[in-house]
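Trainee: below: sequence and its predicted model.
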Amino acid sequence: MKLNFEKMMYVKVLMMVIAIWFVPMTYSNGAEAPAGDVAEAPGTDTFNNDWYDARATFYGDIHGGDTQMGACGYGDLFKQGYGLATAALSPALFNDGYTCGACYEIMCTRDPQWCLPGSIKITATNLCPANYTKTTDIWCNPPQKHFDLSMPMFLKIAKYKAGVVPVRYRRVPCTKNGGVKFETSGNPYFLMILPYNVGGAGDINAMQIKGSTTGWINMRKNWGQHWTTNIVLTGQGLSFMVRTSDGVVKQFMNVAPNNWGFQQTFDGRINF
Ligand SMILES: *[C@@H]1O[C@H](CO)[C@@H](O)[C@H](O)[C@H]1NC(C)=O
């Protein structure tokens, strides 16, 4: 009990320090409401080294079919660098999409009949939705922490026949190749940016955009990892400022040229 309390206090103080430091930056351009009303649940999606209990199942087929697209807004997971090492998170872990992009190490535990030794590392790319009409296999309903793994990843830690296994998990740094990518969509009055291939903590909790002739503009998180602004930035080069859940902020300057279009992807060149 004592340890948990101390840990909670530590996380709270850490979050306060982050908030005090970041808020002036968030409000520096008053164009939109702050992006980061960040709902963080200590002990669930906090980027630390602790192991927690959860359960795991799998979805899709051996080639990762059904795992593409999904509630984070990512598209072709192979083209985007996530490959088969992905999972759908239950709402308790998904955190309304803020946890998309986070990386976890997962091992099967306490089930000698079904568990295989070793651990896997996955990126959160989808939601395992709650279903309140179902009466069986309701693993993803709140407040349960659950990983619906791609089939190939599940088979690395448990036997196929197990169906569902108890696991332990912890957040780990995301190792990604190359820069953070920014994909444009929407329209001139509702620009959506999907950041992906994010290293470090992997999950983003605030994002700003800057046109060549504007200051930093706060973006709002729409569904999944789509961040939006209503400020028209067509014809301007685009830069981004991204804050990951561990409080690290990086600037990606002049990522898109002034003739950028919608449904295009731009390379941020650097990563976390
Ligand atoms: C929830 O479960 C019921 C019963 O299995 C099923 O018919 C329904 O399609 C499910 N709903 C969703 C949103 O998955």
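Mentor: Sure, I can see it.
Trainee: how about the nearest residue to Met153, chain neighbours excluded?
Mentor: Once flanking residues are discounted, Met153 sits nearest to Ile120: 5.1 Å by Cβ to Cβ, 6 or more residues apart in numbering. The C-beta positions use only the backbone N, C-alpha and C, and glycine is treated the same way.
Trainee: contacting residues around Ala85?
Mentor: Ile120, Lys121, Ile122, Thr123, Ser150, Met153 (Cβ atoms under 8 Å, 6 or more residues apart in numbering).
Trainee: can you confirm the fourth one is in a helix?
Mentor: No. Residue assignment for Thr123, taken from DSSP: H, G, I helix; E, B strand; the rest coil, gives strand, which places it outside any helix.
Trainee: which residue of this structure lies farthest from its centroid?
Mentor: Distance from the C-alpha centroid of the chain, by Cα atoms, centre = their mean, peaks at Gln113 (32.3 Å).
Trainee: pLDDT score for that one?
Mentor: Looking at Gln113, its pLDDT reads 95.
Trainee: three-state assignment of it?
Mentor: coil.
Trainee: wait, what's in contact with the most centrally placed residue in the chain?
Mentor: By Cα atoms, centre = their mean, the mean C-alpha position of the chain lies nearest to Cys100, the distance being 1.9 Å. With contacts defined as Cβ under 8 Å, 6+ apart, Cys100 is in contact with Ala71, Cys72, Gly73, Tyr74, Phe94, Ala124, Thr125, Asp203, Gly224, Gln225.
Trainee: and for Lys121?
Mentor: The contact partners of Lys121, by Cβ under 8 Å, 6+ apart, come to Ala85, Cys103, Tyr104, Glu105, Ile106, Val172.
Trainee: ok, these vs Gly235, which is closest?
Mentor: Cys103 (36.6 Å; Cβ to Cβ).
Trainee: who does the closest one bridge with?
Mentor: Thr123, Val172 (DSSP bridges).
Trainee: now do it against the ligand, distance only.
Mentor: 27 Å (Cβ to the nearest ligand atom, to the nearest Å).
Trainee: what's the answer for Pro91, then?
Mentor: For Pro91, the distance to the ligand - Cβ to the nearest ligand atom - is 13 Å.
Trainee: follow-up on the earlier one: right, and the residue nearest to Met153 touches Leu155 too?
Mentor: No. The pair Ile120 / Leu155 is not scored as a contact, 9.8 Å apart, by Cβ atoms under 8 Å.
Trainee: who's more crowded, these two?
Mentor: Each of Ile120 and Leu155 has its neighbours counted (other Cβ atoms under 10 Å); Ile120 has more, 24 against 16.
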